[in-house]
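Asks: Generate coordinates for the sequence data below:
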Amino acid sequence: RDRGIGGGFRNVGNTCYLNAVLQALLVIEPFVTSLRHLSKQLPARLLGEESPATLVLDDDGEVTEETEEEKPDPVVLTSMVDLITKLDRRKNVREVIDPSEVKRSLAKTVKSFEGWGQQDAHEFLTFLLDQLHQETTGGQPNEALGPIPDTFKCVVKHTRTCQGCQDSHTNVENYLELSIDVPTELH
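Replies: Now for the predicted structure:
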């Protein structure tokens, strides 16, 4: 969906790094679509809705409410979905959106983002994607699933060849981010 050129995100105190990362992520339509799809699977209590109780008969024949095994709440995913929803529902594309809930939710697991000091955008991106990946896969061992690898995974193949015997070894590595140096003449 075209969100148009608009007001962007409010700077709530040294949050340029946050705004830059979120603006870059939220124009990646496959990523946004995946988060929207996942939001439909979030427990209703996280979306501020009442979830219908499941009633079961216990061993004594009493009707009780069935309880799910408690899992950590996907707070970063929820805050990202809320932010996308605010962007989609704004009436004026020039409206400025407050992204601070995304920062607060990430700070619950990454303490270095507590407070309002300046931060590194690359570090924020790395921690944000890692936490989203953790929350969307439920910590399952198959790291190839979910919106983060679907959108950001890249494969790098290294081949090293011995100059003496010409024996070669190939190594394949998966990355969710690839840091590159920008030549100084481009600064």
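
Asks: so which helix or strand takes in the residue sitting nearest the centre point of the chain?
Replies: What sits nearest the mean C-alpha location of the chain, by C-alpha atoms, centre = their mean, is L132, with 3.5 Å. Secondary structure from DSSP states H and E places L132 in helix 121-137.

Asks: tell me what the helix or strand that comes right after that helix is packed against?
Replies: Remark: after helix 121-137, the chain's next helix or strand is helix 147-152, criterion DSSP H and E. Contacts defined by 3 or more C-beta pairs under 8 Å, 6 or more residues apart in numbering; DSSP states H and E place helix 147-152 against helix 29-39, helix 121-137. The C-beta positions use only the backbone N, C-alpha and C, and glycine is treated the same way.

Asks: out of those helices, which comes closest to L22?
Replies: helix 121-137 (8.6 Å; C-beta to C-beta).

Asks: Just to be sure, H158 is in a helix?
Replies: No. H158: not assigned to a helix; according to DSSP: H, G, I helix; E, B strand; the rest coil it is strand.

Asks: Give me whichever of the helices and strands packed on helix 147-152 is most buried.
Replies: Mean neighbours per residue, mean count of other C-beta atoms under 10 Å, is largest over those for helix 121-137, with a mean of 19.

Asks: quick one: that one to helix 29-39, angle?
Replies: Between helix 121-137 and helix 29-39, the angle comes out at 40 degrees (axes from the mean of the first three to the mean of the last three C-alpha atoms, to 10 degrees).

Asks: Figure out how far helix 121-137 is from the centre of its chain.
Replies: 5 Å (C-alpha atoms, centre = their mean, to the nearest Å).

Asks: returning to what we had before: model confidence for the residue nearest to the centre of the chain, exactly?
Replies: With respect to pLDDT, L132 has a value of 90.

Asks: before we move on, what about D98?
Replies: At D98, pLDDT is 90.

Asks: Kindly report the same for P147.
Replies: 83.
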